[in-house]
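Novice: Here's my sequence, what's the structure:
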Amino acid sequence: MISLCELKRRIRSATPSRSDRQARIRASVILLIIDPDRSPAILLTERSESVQHHKKEVSFPGGMQEPGDKDPESTALRELEEETGIPACAVEVIGRLDDVDTTTGFIVTPIVGLANTSIELKINVHEIDRCFLIPLSFFDRIQPQKELIDYRGRMLLIEFFPWLDVRIWGATYRILRQFLDIVGDQGEIAP
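Specialist: Down below sits the predicted model:
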C-alpha cells in the first residue's frame, strides 16, 4: 500500500523526459485517478468512430494541442472536460510522465491528476463511446499479456492489459506501465 502523500511525492519528483522531435503532432492526455482516498480507480475512455484519430481505441482522456493551450496541462484538462464533462477545477494536477511517441505521428505528454468521487461524467458521444473506471488494485492481480495483431495492414506483437471486452495497449499501455513503475504497482492508496 502506498500513501497518497507518497504517490504525489513520487510523481512530483520524477524527471519526465521530453521528446524533441519537431515534425510530430503534440498532444496531451490525463491519467486521472478518481477517489484516491478510498477506492482509487483510473479513468479510461473508448474513442468513438467519429473522431479523426484512434477510432475505437481505449485511451486516456486527451487530444491535440490547440493554439490557445498554454501548456500540456491545459490541453489535457480542456480535453478532459470536452470528452467527459469533468471540469479542470475538479482536478488536482500532480505531475507529468515521460513523453510518448506514437506510431501515428503524435508526441503525447501524459499528465497525472486526482479527482474525488463527487464528479459527474457527461460523455461527449461525438468523441467517446464509453468510460471505464479501472480499480488501481486490478493492476496488482494481472500480468501484461502478448498477442500478435493486424494493425493497419501489418502484424504487430503487442503487450496489453485485458479489461472487460477491450485491450489496453499502445501508447495508453506504455503510459500506464510508466505510472505503475513509478508508484510501484501499488493497487491501494492509503490516505
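Novice: Stretch 112-130: which residues count as buried?
Specialist: 112, 113, 114, 115, 119, 127, 128 (16 or more other Cβ atoms under 10 Å). Just so you know, the C-beta spots here come from the backbone N, C-alpha and C atoms, and that holds for glycine as well.
Novice: Check stretch 9-21 too.
Specialist: Buried residues in stretch 9-21, defined by neighbour count with 16+ other Cβ under 10 Å: 10, 11, 14, 16.
Novice: CA atoms only for that stretch - export them in CSV, please.
Specialist: What follows is stretch 9-21, C-alpha atoms only, in CSV (Å, rounded to 0.1, in the frame of the first residue of the first chain):
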residue,chain,number,x,y,z
ARG,A,9,5.8,12.8,-3.9
ARG,A,10,6.9,10.1,-6.4
ILE,A,11,5.1,11.7,-9.3
ARG,A,12,6.3,15.2,-8.5
SER,A,13,9.9,14.1,-8.0
ALA,A,14,10.1,12.1,-11.3
THR,A,15,12.0,13.9,-14.0
PRO,A,16,10.0,13.3,-17.2
SER,A,17,11.8,13.1,-20.5
ARG,A,18,10.6,15.4,-23.3
SER,A,19,10.6,14.4,-26.9
ASP,A,20,12.5,16.9,-29.0
ARG,A,21,11.0,15.8,-32.4
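Novice: Could you give the separation of it from the chain centroid?
Specialist: Relative to its chain's centre, stretch 9-21 lies at 15 Å (Cα atoms, centre = their mean, to the nearest Å).
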